[in-house]
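Novice: let me see the structure of the following:
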Amino acid sequence: MQRGVLTDYVLKLRDRGYVCLPLRAGGKHLDLAAMAYDPLHWRTLRKDLKELAFTSIAFHLSQKPPGSEEIARWFRGFSGNVGILGGYANLLVLDFDDAAGYRNWLDGHKEIASRTPMARSPVGFHVYLRSREPTVSSSLHFGMRRVGHAKALGGYIVASPSLLKDGSCYSWIDGQSPLDVEPQAVDSLASLSLSPVSPFKHFYDRLLRRGFFERQ
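Specialist: From the prediction side, this is the model:
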């Protein structure tokens, strides 16, 4: 996609309620320099700084989203990949790691999957939804099996027309891009027969009240 066309594309998505993020060419990492952040993790080669930067920046932008002018600055003359911010306007993306996991889940959810934005990734599928309650990025489990990730608050998803170094790419399903259809609203991951953790961990967390706090 040509540079001017890319800017037009991300601004059209912004008008539809999506925040696009610049990613490094050929990869999945945020291009912090393009966003005027200091990429400390590149200078220090520290993974913990990378994870801190990506999570905190993604969460901050979901709460105070950039306007069209700022997004245009990020992508003006940009030749890298494109990400879409999770959590903004309650965007929830189901990132299935492989086709088998997606198809097993799809058997009971064909109606919603056919009416919401969807994309093919190099190895699986992405399903774009809007949650009715705040959702945090997490792993994604269907039954006893881990099938991928949920991209929401604190996360982002690699999107079309991104191209990886190995030549694989991301592409919208025909007629199901965000410019074609609106994301379907869902109550939670549980309403989709999905969970952020395995059923065993969820049971013991509730039993031992791990991850809960008393209301003030």
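
Novice: give me the pLDDT for the residue nearest to the spatial centre of the chain.
Specialist: For the chain, the residue whose C-alpha lies nearest the mean C-alpha position (CA atoms, centre = their mean) is I157; its distance is 3.0 Å. pLDDT recorded at I157 is 98.

Novice: just for the protein, where's the confidence low?
Specialist: Within the chain, the stretches with pLDDT under 70 are 1-3, 199-216.

Novice: which one's the longest helix in it?
Specialist: In the chain, taking DSSP state H as the definition, the longest helix is helix 47-63.

Novice: counting by contacts, list what that helix packs against.
Specialist: helix 40-44, strand 81-85 (3 or more CB pairs under 8 Å, 6 or more residues apart in numbering; DSSP states H and E). Quick note: C-beta positions are derived from backbone N, CA and C, even for glycine.

Novice: what's around S198, how many residues?
Specialist: A count of nearby residues for S198, using other CB atoms under 10 Å, gives 15.

Novice: that one is in contact with G143, isn't it?
Specialist: No - S198 is beyond contact range of G143, at 9.3 Å (criterion: CB atoms under 8 Å).

Novice: do a quick rundown of the strands in this structure.
Specialist: Assigned by DSSP state E, the chain shows strands spanning 20-23, 81-85, 91-96, 118-120, 125-131, 138-142, 145-151, 156-159, 171-172, 184-186.
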